[in-house]
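K.L.:
Sequence first, then the predicted structure:
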Amino acid sequence: MREMTWMLRMAAVGSVLLWGFGCATTRGQPGFSFDAKTGKKTGNPFEIRLTSSGSDLKAVLVNLSRVPQKLLDDPHLQASTLELISSTGREHKPYDSRRIMKYDTTPYCGLFQPLAPGKKLVLESVRFRKLRDGYAAAWGPFNFEEIPPGDYRAVVTWRNERARCVDEGTRRMRTLPTVWQGFVRSNEVTLHLR
């Protein structure tokens, strides 16, 4: 009887854990942030919700806080990254096209935009297209090429690392006091390339 009770308890614990893990994958994972003056960790106001449908991926950043959050969403200065991992565990690294591009790297203060509480911002939305040598897509400045057909685990990371910017009026560098700094990882989804 004790063995049966123990087995039932373990099955219940296993079910709760599986349910918990399942719920955890439907929402973005918490990032971290820090106070630039004190170095102490602070809360994370954002979440990334990643969805997939066949060969399509879409990443949406959501402001979970109760106040507007200023952020720099720029594909050249502060891009989100996509990790693609095959069923064998191989990560497919993209080519960063910024290496050969000429663009203005100045972080102007006007590029920082507020995101109201509860509002969403699409970080990226792509469709992988079939080519002769596999699948390809561009995630912001990152080019994925020759991805073999199959299923891939996909996760998106967005880093908000900049709080200093150039004031367009004075042309001087200044620090924006209300910019959250840290990173956020999305939930994991499966990308089907067939």
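P.N.:
Done, it's in.

K.L.:
burial count for T88?
P.N.:
T88 has 6 neighbours, counted by other Cβ atoms under 10 Å. (Each C-beta comes from the backbone N, C-alpha and C, glycine too.)

K.L.:
Look at it and tell me its secondary structure.
P.N.:
Here T88 is coil, with the state taken from DSSP: H, G, I helix; E, B strand; the rest coil.

K.L.:
For it, give me the pLDDT.
P.N.:
What the model reports for T88 is a pLDDT of 92.

K.L.:
Could you check how far it is from Q113?
P.N.:
Using Cβ to Cβ, to the nearest Å, we find T88 at a distance of 40 Å from Q113.

K.L.:
Repeat that for L84.
P.N.:
L84 is 28 Å from Q113, by Cβ to Cβ.

K.L.:
Return the list of strands paired to whichever strand in the chain runs longest, each annotated with direction.
P.N.:
Longest strand of the chain, by residue count under DSSP state E: strand 150-160. Paired strands of strand 150-160, with direction, are strand 81-86 (antiparallel), strand 182-185 (antiparallel), strand 189-193 (antiparallel) (DSSP bridges).

K.L.:
mind checking which of the ones you listed is nearest R162?
P.N.:
Closest to R162 of these is strand 182-185 (Cβ to Cβ; 11.8 Å).

K.L.:
Next, the buried residues of that closest one.
P.N.:
Within strand 182-185, the residues that count as buried by 16 or more other Cβ atoms under 10 Å are 182-185.

K.L.:
Check stretch 82-95 too.
P.N.:
For stretch 82-95, by 16+ other Cβ under 10 Å, it's 82-84, 92, 94.

K.L.:
Which of the residues you listed sits closest to K102?
P.N.:
P94 (19.9 Å).

K.L.:
how far away is S86 from R153?
P.N.:
S86 is 8 Å from R153, by Cβ to Cβ.

K.L.:
cool, and P107?
P.N.:
32 Å.

K.L.:
So those two - more neighbours on which side?
P.N.:
For the pair P107 and R153, the greater number of neighbours falls to P107 (19 against 15), based on other Cβ under 10 Å.

K.L.:
and that one, what pLDDT?
P.N.:
90.

K.L.:
Secondary structure element for the spatially closest residue to it that is not a sequence neighbour, which one?
P.N.:
Closest residue to P107 apart from its sequence neighbours, by Cβ to Cβ, 6 or more residues apart in numbering: C165 at 4.7 Å. Per DSSP states H and E, C165 falls inside strand 164-166.
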